[in-house]
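[1] Here is the input, now give the coordinates:
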Amino acid sequence: MLKDIIEVKALSDYQLYLKFEDNLEGIIDISEIIEFTGVFTPLKNLDYFKTVKINHEWGTIYWENGADLDPDVLYSLITTQKIPEYYSYIKSV
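    Below is the predicted model of the structure:
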């Protein structure tokens, strides 16, 4: 099972510092993994982007407009590990 996000900091541009419950940490450029359309449109505004918060119940990051990102995907990007196939299958059922 993958890990929850326990800390987030908005950095320059669309970069976020993330720390996971296993103390793994890294920086992700969100503009490389999302398109600023639909629920993500407001994130194009950097001031709004920087209002990112942690949803401790879900173990992920989110914005007040309802945009959020899967912590498993973020963890896999930071660790460069693939999400286990069985896990991807379970989430798609």
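[2] Now do the same contact list for residue 36.
    Taking CB atoms under 8 Å, 6 or more residues apart in numbering as the criterion, residue 36 is in contact with 43, 44. Any C-beta I mention is one placed from the backbone N, CA and C, and that applies to glycine too.
[3] Residue 75 versus that one, what's the distance?
    23 Å (CB to CB, to the nearest Å).
[4] what are the ranges of the helices in this structure?
    Using DSSP state H, the helices of the chain run over 46-49, 71-79, 85-92.
[5] List the buried residues in the second one.
    Applying a neighbour-count criterion of 16 or more other CB atoms under 10 Å, the buried positions in helix 71-79 are 71, 72, 74, 75, 76, 77, 78.
[6] Give me the contacts around it.
    For helix 71-79, the external contacting residues (CB under 8 Å, 6+ apart) are 2-5, 18, 20, 24-26, 28, 33, 58-61, 81-83, 87, 91.
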